[in-house]
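Trainee: here you go, sequence then predicted model.
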Amino acid sequence: MNYSPAFILKRLLLTAALLGSTGLSAAEPSAETLEIALGSFNEPTPWHIFLGAEFPGAKGTLSQRLVEEKTTGVLAFDFTGGGSYIAARSPVDIPDRYTEIRFKVRSDKKQRVTLRLADSTGQYHQIPLAYETAGEWQTLRLVLTGLRSKTHFFGKNDGTLHFPVKELWIMVQKGTESTTGELLFTDVKALP
């Protein structure tokens, strides 16, 4: 069937009017609606503790605490008996259109905070991030686009991130300044 230009214009105007009256929009979704919350503490938590069993001696706990009206993860650590790291880990599903992982951390001392990602090949990527504002919240970011990790193991073991990301670890590593303490973390998300 051939429709006249006038008929097509009327249909487009009617469709636009209907969309406007129902509150629907043909506009692109905002970046906020595309964020993926990772390891939300507002539901049964998928976060679990890992004590770095390959380096025996570390002690720690993973709990939740209401801090400034936000449910926050609390990773308590104690390396006085040995060990190298402890971690909070969570299963995730981050597809390749996501470019960044962002989260907030706070501790009473500077910490060696490391992200460990498991990719679709079973390869683990380990990336150190600097927490330098002792006693204050600091936003840490990891850019995923073109990520090549210096420290990687298992899976394809080529240092290249292969989407989707399947697991996320937030790790505290033993340092010279802090053998005991807590790392608070919240607002863990992936951004497009």
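Mentor: Cool, got the structure. Numbers count the residues shown, from 1 in each chain.
Trainee: which residues of the chain score low on pLDDT?
Mentor: Low-confidence regions of the chain, defined by pLDDT under 70, span residues 1-33, 39-45, 176.
Trainee: what about 50?
Mentor: Confidence mapping of the chain against pLDDT under 50 gives the ranges 3, 5, 7-32.
Trainee: need the longest strand for it.
Mentor: Criterion DSSP state E: the longest strand present in the chain is strand 180-191.
Trainee: would you map the helices across the chain?
Mentor: For the chain, the helices identified by DSSP state H occupy 5-22, 31-34, in order along the chain.
Trainee: give me the number of residues near Q173?
Mentor: Here the count is done by other C-beta atoms under 10 Å, and Q173 has 20 residues near it. The way it works is simple: take the backbone N, C-alpha and C, and place the C-beta from them, glycine included.
Trainee: ok, now I86?
Mentor: One way to gauge burial is a neighbour count; for I86, by other C-beta under 10 Å, it gives 27.
Trainee: setting aside sequence neighbours, what's the nearest residue to it?
Mentor: Counting by C-beta to C-beta, 6 or more residues apart in numbering, I86 lies nearest to G60, which is 4.1 Å off, once chain neighbours are set aside.
Trainee: neighbours of that neighbour, how many?
Mentor: G60 is flanked by 22 other residues according to other C-beta under 10 Å.
Trainee: for it, give the beta-bridge partners.
Mentor: Beta-bridge partners of G60, counted by DSSP bridges, are F77.
Trainee: hmm, it is touching T80, no?
Mentor: No: between G60 and T80 there is no contact under C-beta atoms under 8 Å: 11.5 Å.
Trainee: quick one: I36 from K156, how far?
Mentor: Between I36 and K156 the computed distance is 24 Å (C-beta to C-beta, to the nearest Å).
Trainee: what does E69 give?
Mentor: The separation that E69 has from K156, given C-beta to C-beta, amounts to 42 Å.
Trainee: can you check S107 too?
Mentor: Separation of S107 from K156 (C-beta to C-beta): 34 Å.
Trainee: these two: which is more packed in?
Mentor: Neighbours of S107 and K156, each counted by other C-beta under 10 Å, are more numerous for S107; the result is 22 against 14.
Trainee: so the closest residue to that one other than its chain neighbours bridges to which residues?
Mentor: Excluding the flanking residues, the one nearest S107 by C-beta to C-beta, 6+ apart is L183, at 4.9 Å. Judged by DSSP bridges, the bridge partners of L183 are L75.
Trainee: wait, L183 sits on G175?
Mentor: No: look at L183 against G175 with C-beta under 8 Å: they stay out of range, at 11.6 Å.
Trainee: these two: which has the busier surroundings?
Mentor: Between L183 and G175, counted using other C-beta under 10 Å, L183 has the larger neighbour count: 24 against 13.
Trainee: what sits against that one?
Mentor: L183 makes contact with 74-75, 77, 105-107, 111, 113, 131, 170, 172, according to C-beta atoms under 8 Å, 6 or more residues apart in numbering.
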